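**Student:** based on what follows, work out the 3D shape:
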Amino acid sequence: MVSNMKPKLEDVAKLAGVSKTTASRVLNNRGYLSEKTLKKVHDAMETLNYQPNAAARQLFKQETGLIGLIFPTVSNPFFGELVNYLEYELYQRDFKVIIGNSLQDTDKETDYLNQLLAGQVDGLIVGTHNQGIAEYKYSHLPIVAIDRIMNSDIPIVESDNYHGGVLATERLINAGVKHIVHTNGPSSLETPAHRRRVAYETIMKNNGLEPHTFTIDFKLSFAEKKRRYQQLFDSYPDMEALFVSNDVDASIIMAIAKERGRKIPEDLLIVGYDGTELMRNVMPQLTTVVQPIEEMAKIAVDILLKRIAGDKTESEYILPVTLWEGTTGHR
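**Tutor:** Numbers count the residues shown, from 1 in each chain. Alright, predicted model coming up:
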């Protein structure tokens, strides 16, 4: 008669001819064990179709197998693509993810963070715009930031923002234009992305040109952004080119330019930033700086696993960017 009882660890140990403690050590990969013992236990598990109790293993290891991801919104192509790659990389390492969209809301981000800490995730990967959240400072949880400065103890993964700024600005200057405006977030926001602004201003000055940076808050709604960019056209009626902080905003600006009768690239050049796969397929004409999003995700996961293991990590990881030529950045 075949038993319907689910096999237990004791059954595995008995069939393998080892103690329950030894079988548990094999299951949790703890301590030295001979190849012969490992094979006997694994063979017994296969014979009995033994399925380890995940919750018990996590309790034993003091791990949850969960990683928290907190980003502004996955509806943005950059963050959506980044989260997709992060989830894939973590799944390959036997982790599941919990995703929180902070929507640029400090209170919401703090709430998500507290819930994740209470749920005892093994680590966090964050890419939010909010600063000054005390839980990040006092949490002993392994955390990695992507393109955001959280605190001095949290490593940052980022693209080479300065070189990206150089590529974009030089591309426009080489096209023969002089009146170039750059859009960027508030200077109070602590992010390596401000190096794009520094590069733009440096290259402009080195070429004897006057830099003009138009500041816009990333927290604005689509409608509010459109109103602000209408003001941009009013403030700089003679602008010949724009280096835009991200591709989504570049698409808004291109729509406004069309409404105002400005032809791209005939009398207005535009270079964006991010270069997600989605934007390169939907708007292949947009000249943009491409961030290595897949590589950024891989590096972030590698660093987080090192932090979980207690290994040393660097404070900053800068990855190279490339330029997607398109047709909007030259005539």
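**Student:** CA atoms for contacts and neighbours, from now on please.
**Tutor:** Will do.
**Student:** what about the strands in the stretch 201-331 of the chain?
**Tutor:** For the stretch 201-331 of the chain, applying DSSP state E, counting those that start in this stretch gives strands covering 212-215, 241-243, 269-274, 287-290, 316-319, 322-324.
**Student:** quick check: mean pLDDT of the fourth one?
**Tutor:** For strand 287-290, mean pLDDT is 98.
**Student:** and for it, what's in contact with it?
**Tutor:** Residues from elsewhere that reach strand 287-290, judged by CA atoms under 8 Å, 6 or more residues apart in numbering: 164, 167-168, 247, 270-276, 321-329.
**Student:** tell me the contacts of Leu167?
**Tutor:** When contacts are counted by CA under 8 Å, 6+ apart, Leu167 is found next to 289, 323.
**Student:** and the contacts of strand 287-290, which are buried?
**Tutor:** Neighbour-count burial (16 or more other CA atoms under 10 Å) applied to these gives 164, 167-168, 247, 270-276, 321-325, 327-329.
**Student:** domain map for the protein?
**Tutor:** The chain is divided into the following domains under automatic domain parsing: 9-54, 66-158+294-319, 161-291.
**Student:** now for the closest residue in space to Gly65 that isn't next to it in sequence: which residues touch it?
**Tutor:** Counting by CA to CA, 6 or more residues apart in numbering, Gly65 lies nearest to Phe95, which is 5.0 Å off, once chain neighbours are set aside. Counting by CA under 8 Å, 6+ apart, Phe95 makes contact with 65-67.
**Student:** ok, Lys14 next?
**Tutor:** Lys20.
**Student:** thinking again about what came up before, now distance to Ile253 too, for the strands of the stretch 201-331 of the chain, in a markdown table please.
**Tutor:** Formatted as a markdown table, those follow (distance: least, CA to CA, whole Å):
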| stretch | distance to Ile253 |
| --- | --- |
| strand 212-215 | 13 |
| strand 241-243 | 9 |
| strand 269-274 | 9 |
| strand 287-290 | 13 |
| strand 316-319 | 28 |
| strand 322-324 | 18 |
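**Student:** and Glu89, which of the ones you listed is closest to it?
**Tutor:** For those, the distance to Glu89 is smallest for strand 316-319, at 17.6 Å, taking CA to CA.
**Student:** run the chain-centre distance for the closest one.
**Tutor:** Distance of strand 316-319 from its chain centroid, counting by CA atoms, centre = their mean, to the nearest Å, is 13 Å.
**Student:** list the helices and strands that strand packs on?
**Tutor:** For strand 316-319, the packing partners by 3 or more CA pairs under 8 Å, 6 or more residues apart in numbering; DSSP states H and E come out as strand 156-159.
**Student:** CA atoms only for the helix or strand that comes right after the strand it packs on, dumped as PDB, please.
**Tutor:** Per DSSP states H and E, the first helix or strand lying C-terminal to strand 156-159 is helix 161-173. Extracted in PDB, the C-alpha atoms of helix 161-173 (Å, rounded to 0.1, in the frame of the first residue of the first chain):
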ATOM      1  CA  ASN A 161      26.800  60.800 -15.800                       C
ATOM      2  CA  TYR A 162      29.700  63.200 -16.500                       C
ATOM      3  CA  HIS A 163      30.800  61.500 -19.700                       C
ATOM      4  CA  GLY A 164      27.100  61.300 -20.700                       C
ATOM      5  CA  GLY A 165      26.900  65.000 -20.300                       C
ATOM      6  CA  VAL A 166      30.000  65.500 -22.400                       C
ATOM      7  CA  LEU A 167      28.700  63.200 -25.200                       C
ATOM      8  CA  ALA A 168      25.400  65.000 -25.300                       C
ATOM      9  CA  THR A 169      26.800  68.500 -25.200                       C
ATOM     10  CA  GLU A 170      29.600  67.900 -27.700                       C
ATOM     11  CA  ARG A 171      27.100  66.200 -30.100                       C
ATOM     12  CA  LEU A 172      25.100  69.400 -30.200                       C
ATOM     13  CA  ILE A 173      28.000  71.800 -30.400                       C
END
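**Student:** how far does helix 161-173 sit from the chain's center?
**Tutor:** Mean C-alpha position of helix 161-173 versus that of the full chain (CA atoms, centre = their mean) differs by 22 Å.
**Student:** what mean pLDDT does it get?
**Tutor:** Averaging pLDDT along helix 161-173 yields 98.
**Student:** before we move on, what about stretch 86-94?
**Tutor:** What stretch 86-94 shows for mean pLDDT is 93.
**Student:** low-confidence stretches in the stretch 51-200 of the chain?
**Tutor:** For the stretch 51-200 of the chain, the stretches with pLDDT under 70 are 52-63, 102-119, 129-140.
**Student:** let's see 80
**Tutor:** The stretch 51-200 of the chain contains residues with pLDDT under 80 at 51-64, 100-121, 128-141, 150-152, 187-190.
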